[in-house]
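> sequence and predicted structure are below.
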2 protein chains.
Amino acid sequence: MSTTTLAARRDRALGTGAPLFYDKPLHIVRGEGTYLFDDTGRRYVDMYNNVPCVGHANPHVVEAMARQQATLNVHSRYLHEGIVALAERIAALHGPAIESVVFSCSGTEANEVALRIARGESGKQGIVCTNATYHGNSEAVGKMTRIGAGQNTSGDVRAIPFPEMFRPIVPGASESDLLEAYLERLRGVIRGFEEDGTGFAGLIVCPIFANEGLPDVPRGFMARAAEVVRAAGGYMIADEVQAGYCRTGRWWGYEGTGFTPDIVVTGKPMGNGLPLAATAASKALVDGFRARTRYFNTFASSPLQAAVGMAVIDVIERDKLKENVARVGASLKAALGERKKTCAAIGDVRGQGLFIGVEMVKGKALEPDSDRAIEVVNKLKDRGFLTSNAGAFRNVVKIRPPLVFSQGDADEFLTAFDTTIAEING
Amino acid sequence: MSTTTLAARRDRALGTGAPLFYDKPLHIVRGEGTYLFDDTGRRYVDMYNNVPCVGHANPHVVEAMARQQATLNVHSRYLHEGIVALAERIAALHGPAIESVVFSCSGTEANEVALRIARGESGKQGIVCTNATYHGNSEAVGKMTRIGAGQNTSGDVRAIPFPEMFRPIVPGASESDLLEAYLERLRGVIRGFEEDGTGFAGLIVCPIFANEGLPDVPRGFMARAAEVVRAAGGYMIADEVQAGYCRTGRWWGYEGTGFTPDIVVTGKPMGNGLPLAATAASKALVDGFRARTRYFNTFASSPLQAAVGMAVIDVIERDKLKENVARVGASLKAALGERKKTCAAIGDVRGQGLFIGVEMVKGKALEPDSDRAIEVVNKLKDRGFLTSNAGAFRNVVKIRPPLVFSQGDADEFLTAFDTTIAEING
């Protein structure tokens, strides 16, 4: 079937406007490791997908999924050892403060649980998020999507500007003054919640500010923000849906930021494509949530989620993917940093591990150039490399391949990237 | 591992209070068809689980799941024929008014989408639900959980009493007067929404009122309610998460009620345990939703959901499970009706297809007796038959087996049921 015919059928069956990537959408029919193949058999190197973290069609995951579905897959109101073991294993990947896990089916559902824990336990409603973030698509969680800076004075969700060094809120300020400026914005929103009676329940952040475009932040921001939040009686929620599961070369995005969250949300990579998400916290916080809500989730905490979730962690550990991410990611970031020197359209190269952002800019003022980012993304796609664009201004080329992405994949990509920027410099 | 040890580990890993069935919880390790097996090898006939609709460990589903996960499982921003074909197939199972589908991962997420369609398209916020219902666990959807009759005068979600013949709001009224009384309650709530500026967006109901205890309703209620709703500019949302997928011996619970919904929500049985849910409506409604929200769901509309969703419908059609449900369900309901004659504790036997409620009562006033229902459920469990209790007063023994439940299973169950009611009568 032609791509055009399929797209027309899709418009009818799924509704016009169901999102598609690229100027000319791809018809993908097969995946293997870091590769995706289209309907003509053309191979693409997948540099976007974090969900199939241990590689497309990973055989260990396929086998675990099939074996469990052929044995038992049922809801969680019977005892089953598998889901208990997965919860224990996830908790053990954190420090001692994280003890218990509430499983769900999507990052959206897991963030719903996180907000309910923070609000239920504090008895307050006010949640602070950052102004260019995304945490999910339900009504309660969707309210946090890209809240403009002017909209942070009413409602139970209010935004602070995300911290960054590249386009700081106080241009020219020293790093420590900038740190204080961002913290003062946080204090201001918390004061607003307290003064109008909403009360303050907590701060939710992606520890690496993925949707914001992976900014370098003033040193110490996360640790200091956690102090401010806790002094005000709030909880720190780390949305690790993108940052977690070795994406940064560490298990969790919050490691290395100098803070430990009270509540951790994980999702996308947990099941290599099986819907699986989790909200983890101390046993006291989870017990309180269970007592208040009697939360039950039909498809969650199932033997299938357990088996597949275990298989994913098995592969990450067996194949030393954390170490692979740290090694290949550092090499790729350094190589891209070199390209910045010869390409004026590259304003900044940022990120950690295998999550790298290349910020496209124009003019002396280094204005965000989303058109250029989209051009680069489409040119790279035509050359067989799948990326996307993200960031507060959509001008950051987003590189976030499966964790199995190799040095060879990176070398291949750099050749295509060089050709692309040569055209731009052209 | 002992059940006690596992339960203690579970309390720590998942939090104390994660729901479990039965006085003495079951440790289930394997499933096959209508059977579940515990850790000692004991066999139970599953008369509760609607999710594994084509049977536990159904080999056709296992094979489809494994094959697709080994081929491709990725998000929906590339073209893929599988999910388009599944949407087309689901739409074709409805009348011509249902054309397009928004997939998600849980009934909760699908009901979120339904509410957003109704509210977005009407431009109004007010949703009417029934007073003993459950539609999911997110903040927006959870607001509809068992709203008391006295709490229906503020907020954007308000309840009407669910229609029923067994404990009618006007005792002694004729069926047609009762119908009018229930409709007047609906009109009243809609007027309230209009008068206070909330506006009216729609009515959401399970067409068979599953959580309410499967009441027999005044004839024509659903069709007349739909007229009232549409005359007021609202949308009819059918939550078919429990009622749909041949549960009643028809494909959809709304069939035979005399109304056709504008928006249909499905979930539990769609993936035989794979998280899969859907919101279906006219193309115009879905297009509007897509345009307003740019909705994207990481794990939904995936090739895996498509393959498994197709396999489930394949088996339902191939094995004529709709017909099986109608035949075995009618026989089982009639047999249970016979038992009512000899057991004063059985107040009513209701339901359609393989979804049967046995209402337990006490005294001359036929008061709801939830203790008795729980006793029956636990005694049946001890005899190897898994049921649960439900209903507005939790006094209805809920019988809702996989669609593959056979006449032989029903006969076996009736023997155990007779022994159980003999003990009660004794």
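Good, I have the coordinates.

> drop to CA atoms for contacts and neighbour counts, all remaining ones
Fine.

> before we move on, what SS does residue A:360 have?
Assigned state for residue A:360: strand (three-state reduction, DSSP: H, G, I helix; E, B strand; the rest coil).

> so how far is residue A:164 from the closest residue to residue A:212 other than its chain neighbours?
Once flanking residues are discounted, residue A:212 sits nearest to residue A:391: 4.4 Å by Cα to Cα, 6 or more residues apart in numbering or on different chains. Taking Cα to Cα, to the nearest Å as the criterion, residue A:391 is separated from residue A:164 by 12 Å.

> what's the answer for residue A:187, then?
Taking Cα to Cα as the measure, residue A:187 and residue A:164 are separated by 17 Å.

> if you count what's nearby, which of these two comes out ahead?
Per other Cα atoms under 10 Å in any protein chain shown, whichever of residue A:187 and residue A:164 has more neighbours is residue A:164, with 22 against 17.

> what's the residue lying closest to the more buried one once chain neighbours are set aside in contact with, if anything?
Leaving out its chain neighbours, the residue that sits closest to residue A:164 by Cα to Cα, 6+ apart is residue A:217, at 4.4 Å. Residues touching residue A:217, when contacts are defined by Cα atoms under 8 Å, 6 or more residues apart in numbering or on different chains, comprise A:163, A:164, A:165.

> what helix or strand is residue A:217 on?
Following DSSP states H and E, one finds residue A:217 outside all helices and strands.

> residue A:100 bridge partners, please.
Beta-bridge pairing of residue A:100, defined through DSSP bridges, involves residue A:281.

> please state the offset of stretch A:170-187 from the chain centre?
For stretch A:170-187, the distance from its own C-alpha centre to the chain's C-alpha centre is 25 Å (Cα atoms, centre = their mean, to the nearest Å).

> residues from the stretch 151-300 of chain A in reach of chain B?
Taking Cα under 8 Å from any Cα of the partner chain as the test, the list of the stretch 151-300 of chain A residues beside chain B reads A:268, A:273-275, A:283, A:286-287, A:290-291, A:294-299.

> what residue is smack in the middle of chain A?
Most central in chain A under Cα atoms, centre = their mean is residue A:242, positioned 1.9 Å from the mean C-alpha point.

> how far away is that one from residue A:212?
Distance, residue A:242 to residue A:212, using Cα to Cα: 12 Å.

> then residue A:182?
When distances are taken as Cα to Cα, residue A:182 and residue A:212 turn out to be 15 Å apart.

> and for residue A:91?
For residue A:91, the distance to residue A:212 equals 28 Å [Cα to Cα].

> quick one: which of the two has more around it?
Of the pair residue A:91 and residue A:212, residue A:212 is the one with more neighbours under other Cα under 10 Å, namely 24 against 20.

> from the contacts of residue A:217, which is closest to residue B:334?
For the contacts of residue A:217, the closest approach to residue B:334 (Cα to Cα) belongs to residue A:163, at 67.4 Å.

> do you know how far the closest one is from residue A:131?
For residue A:163, the distance to residue A:131 equals 10 Å [Cα to Cα].

> same deal with residue A:148?
In this structure, residue A:148 and residue A:131 are 6 Å apart, going by Cα to Cα.

> higher neighbour count, those two?
More neighbours sit around residue A:131 than around the other of residue A:148 and residue A:131, counting by other Cα under 10 Å; the figures are 23 against 15.

> that one: what's it in contact with?
Listed by Cα under 8 Å, 6+ apart, the contact partners of residue A:131 are A:145, A:146, A:147, A:148, A:149, A:159, A:160, A:161, A:162.

> okay, and the beta partners of the nearest residue to residue A:162 once chain neighbours are set aside?
In space, residue A:162 comes closest to residue A:130 once its chain neighbours are excluded; the distance is 5.2 Å by Cα to Cα, 6+ apart. Beta-bridge partners for residue A:130, by DSSP bridges, are residue A:160.

> low-confidence regions, the stretch 51-200 of chain A specifically.
Judged by pLDDT under 70, the stretch 51-200 of chain A has its weakly predicted residues at A:149-152.

> point me to the residue of it nearest chain B.
Minimum separation of the stretch 51-200 of chain A from chain B (Cα to the nearest Cα) falls at residue A:77, amounting to 4.0 Å.

> tally of neighbours for that residue?
Neighbours of residue A:77 under the rule other Cα under 10 Å: 19.

> wasn't it part of a strand?
No - using three-state DSSP, the secondary structure at residue A:77 is coil, not a strand.

> can you give me phi and psi for it?
Its backbone dihedrals place residue A:77 at phi -90, psi 10, with angles given as degrees, to the nearest 10.

> OK, contacts around the residue lying closest to it once chain neighbours are set aside?
By the measure of Cα to Cα, 6+ apart, the closest residue to residue A:77 outside its immediate chain neighbours is residue B:20, 4.0 Å from it. With Cα under 8 Å, 6+ apart as the criterion, the residues that contact residue B:20 are A:76, A:77, A:78, A:79.

> what is the burial count for the closest residue in space to residue A:346 that isn't next to it in sequence?
In space, residue A:346 comes closest to residue A:360 once its chain neighbours are excluded; the distance is 4.8 Å by Cα to Cα, 6+ apart. A count of nearby residues for residue A:360, using other Cα under 10 Å, gives 29.
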